[in-house]
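Chemist: Okay, here's the prediction I keep looking at, along with the sequence it came from:
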Protein chains: 2
Amino acid sequence: MPRQRTLSPTVITAAALQVGDRDGPKAMSMRRIAAELGCDPMALYRHFGDREALLDAVADQALADVVEPDADAPWDVRLREVLDGIRAAALRHPGIAAHIASRPPLGANGQRLGAAVLTALADAGLPPADVVRASQALVAYLAAALAMAVRAGERDPRWHQAARAVDALDAAGVDLPVVGSADQFEYGLRLLLAGIKAEAATKSGGHSANGAGEPG
Amino acid sequence: MPRQRTLSPTVITAAALQVGDRDGPKAMSMRRIAAELGCDPMALYRHFGDREALLDAVADQALADVVEPDADAPWDVRLREVLDGIRAAALRHPGIAAHIASRPPLGANGQRLGAAVLTALADAGLPPADVVRASQALVAYLAAALAMAVRAGERDPRWHQAARAVDALDAAGVDLPVVGSADQFEYGLRLLLAGIKAEAATKSGGHSANGAGEPG
DNA sequence: ACCTGAACACCGTTCAAGT
DNA sequence: ACCTGAACACCGTTCAAGT
């Protein structure tokens, strides 16, 4: 559909998102996106340094409708809200989902949501250095979960086969959870939140409720 | 160096690993690997269905020298040993590191180490379904940590900039941890292990030491 | 000065032609 | 029957030629 006349970063990322949603991650090439816009591939380079920069912008665009959590909610509820929100937004855009948490949050939406994560962790009572460490652990987990959710959508019922290799589990005849499922995602998130709670307790003296941690 | 005469999966993966170690992940193309072996690119397809299958085999090969943990050690020590071991092996082979934990462990070494993870989690006292959930959470975290460690080696001092955007942290003037560092990796791992310990306590009655969990 | 598109240096994989 | 390499359908990006 060769139509668009005035090119802008927003117009380009919107087109890229559409291509990705329709035809998958590897369809998001400079050439395909340009074709979608009816322009020369080289025109895109006037707005983005290279393909990676364009994908970063698309990833940030995909997070536009994720709202920040209620500031009055407890820190762990806020963390769950923002991470679940990002996951939901990512799954609405499978073309870019795997890219979303795999790079530093440079865009406006990434910064906004990243700040929500950091402040929630600070409110949990973690010392500043641990706030950053914990946020990166959460983002790492999120990134991998999203990438796996996309891949699981494509193929791979083979995690099951891998798990059955262990006698103890095979004997128990477990009903195995789906790799990229919400259930699976929430479980890992619960582990991390429980870990953060335990960590905060040892560092700031035993209370892990909402509010500012005590100084010193 | 056109030399190799008899092609085999092992010879191919060894050559691929060498190319990746020397020239990075995106140098591991069918054509470059074939050139390394002095053979036609199509010859590789006689041993591997496609490039993905070849990379899976390379990833498994990279894990060959990771030893299983001492079966007598406590479950959390065993988990740390095997995950640290995989991380160390991955960083020795940066060309394939990002690929290592991002797919189900189908190869011999992946199965071997995956089984060690699963049995350790079973020994922690988790019910079978949660053993699988927890293992996938650990693998997801590991996969993202490895991918980020490779990328951090390439570029990206921009996580720091992203973190400084939060007033509380900026004011504190924190010395930020490096993204792919061992310190950062261990912190996230500690969170997950603490979470597993807490989870096991609620599910099986409060004890989380080494040994078989009670049935029923 | 700005923009365009031909061209470069690659890809993974198919498939027909050779042995 | 087996293997090879030319060819197909793509890439991201450079750069010289056009306006």
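Modeler: Received it, and whenever you're ready, just let me know what you need.
Chemist: Can you list the low-confidence ranges for chain A?
Modeler: Residue ranges of chain A with pLDDT under 70: A:1-5, A:153-178, A:204-216.
Chemist: That one - how does it break down into domains?
Modeler: A:9-62, A:75-203 (automatic domain parsing).
Chemist: Let me know which of these is tucked in deepest.
Modeler: Highest mean neighbour count of those: domain A:75-203, a mean of 21 (counted as mean count of other CB atoms under 10 Å in any protein chain shown). C-beta: built from backbone N, CA, C; applies to glycine.
Chemist: centre of the chain versus that domain, how much separation?
Modeler: Relative to its parent chain, domain A:75-203 has a centroid offset of 8 Å by CA atoms, centre = their mean, to the nearest Å.
Chemist: Any residues of chain A in contact with DNA strand D? List them.
Modeler: Remark: the part of chain A in contact with DNA strand D comprises A:27-32, A:41-42, A:45, A:50-52, using CB under 7 Å from any atom of the strand.
Chemist: Secondary structure and distance to residue A:104 added to those, as a markdown table?
Modeler: Output for the residues of chain A next to DNA strand D, formatted as a markdown table (DSSP: H, G, I helix; E, B strand; the rest coil; distance: CB to CB, whole Å):
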| residue | secondary structure | distance to residue A:104 |
| --- | --- | --- |
| A:27 | helix | 25 |
| A:28 | coil | 20 |
| A:29 | coil | 24 |
| A:30 | helix | 22 |
| A:31 | helix | 27 |
| A:32 | helix | 26 |
| A:41 | helix | 27 |
| A:42 | helix | 28 |
| A:45 | helix | 22 |
| A:50 | coil | 16 |
| A:51 | helix | 17 |
| A:52 | helix | 12 |
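Chemist: Take the residues you listed and lay them out in CSV including distance to residue B:89.
Modeler: Formatted as CSV, the residues of chain A next to DNA strand D follow (distance: CB to CB, whole Å):
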residue, distance to residue B:89
A:27, 34
A:28, 32
A:29, 33
A:30, 35
A:31, 38
A:32, 37
A:41, 40
A:42, 42
A:45, 39
A:50, 31
A:51, 31
A:52, 28
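Chemist: ok, these vs chain B, which is closest?
Modeler: residue A:52 (9.9 Å; CB to the nearest CB).
Chemist: Relative to DNA strand C, how far out is that closest one?
Modeler: Residue A:52 sits 17 Å away from DNA strand C, taking CB to the nearest atom of the strand, to the nearest Å as the criterion.
Chemist: Please apply the same query to residue A:147.
Modeler: Distance from residue A:147 to DNA strand C, by CB to the nearest atom of the strand: 19 Å.
Chemist: Next up, the contacts around the spatially most central residue of chain A.
Modeler: Central residue of chain A (CA atoms, centre = their mean): residue A:101, 4.1 Å from the mean position. Residues in contact with residue A:101 (CB atoms under 8 Å, 6 or more residues apart in numbering or on different chains) are A:86, A:90, A:139-140, A:142-143, A:146, B:144.
Chemist: Which phi and psi values does the closest residue to it other than its chain neighbours adopt?
Modeler: Distances taken as CB to CB, 6 or more residues apart in numbering or on different chains put residue A:143 closest to residue A:101, at 3.7 Å, once the chain neighbours are dropped. The phi/psi pair for residue A:143 (degrees, to the nearest 10) reads phi -60, psi -50.
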